[in-house]
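Colleague: A predicted structure for the sequence below; I have some questions about it.
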Amino acid sequence: MTEKMVFLALQDNEEARPIREAIEADNPHATITQYPGLYKIDAPGRLVVKRESVEERIGRPWDPQDIHLTLVSLSGNIDETDDYFALERV
């Protein structure tokens, strides 16, 4: 049985760059594809954006809700806490 895919599309701008880098570091199973103006990140089963990983890259506090400022599209069930933003398919 193949796992169901989730995806996240982020704008290609300076605000989204550290988020994309954190996703890439924390989700080695993810595939990142660059398109004009955006990055599409596909992953089997689950994709997580960790607050701590983004904060390490930007050097200040970051609220996972701020991902919505650079989010273009997504597919999957959203799971949000104060520590992460995740997409999953079960």
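Modeller: Ah, there it is.
Colleague: all contacts plus neighbour counts: C-alpha atoms, from now on.
Modeller: Noted.
Colleague: centre of the chain versus the lengthiest helix in the chain, how much separation?
Modeller: Across the chain, the longest stretch assigned as helix under DSSP state H is helix 17-26. Centroid separation for helix 17-26 versus its chain: 7 Å, with CA atoms, centre = their mean, to the nearest Å.
Colleague: Show me what counts as buried in that helix.
Modeller: Buried residues in helix 17-26, counted by 16 or more other CA atoms under 10 Å: 17, 18, 19, 20, 22, 23, 24.
Colleague: That one packs against which elements?
Modeller: In terms of contacts (3 or more CA pairs under 8 Å, 6 or more residues apart in numbering; DSSP states H and E), helix 17-26 is packed against strand 46-50, helix 51-58.
Colleague: before we move on, back to that, mind giving me JSON lines with the buried residues of helix 17-26 and columns for distance to residue 58 and pLDDT?
Modeller: Formatted as JSON lines, the entries for the buried residues of helix 17-26 read as follows, by distance: CA to CA, whole Å; pLDDT from 0 to 100:
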{"residue": "17", "distance to residue 58": "10", "pLDDT": "96"}
{"residue": "18", "distance to residue 58": "7", "pLDDT": "97"}
{"residue": "19", "distance to residue 58": "9", "pLDDT": "97"}
{"residue": "20", "distance to residue 58": "12", "pLDDT": "97"}
{"residue": "22", "distance to residue 58": "10", "pLDDT": "98"}
{"residue": "23", "distance to residue 58": "14", "pLDDT": "97"}
{"residue": "24", "distance to residue 58": "15", "pLDDT": "96"}
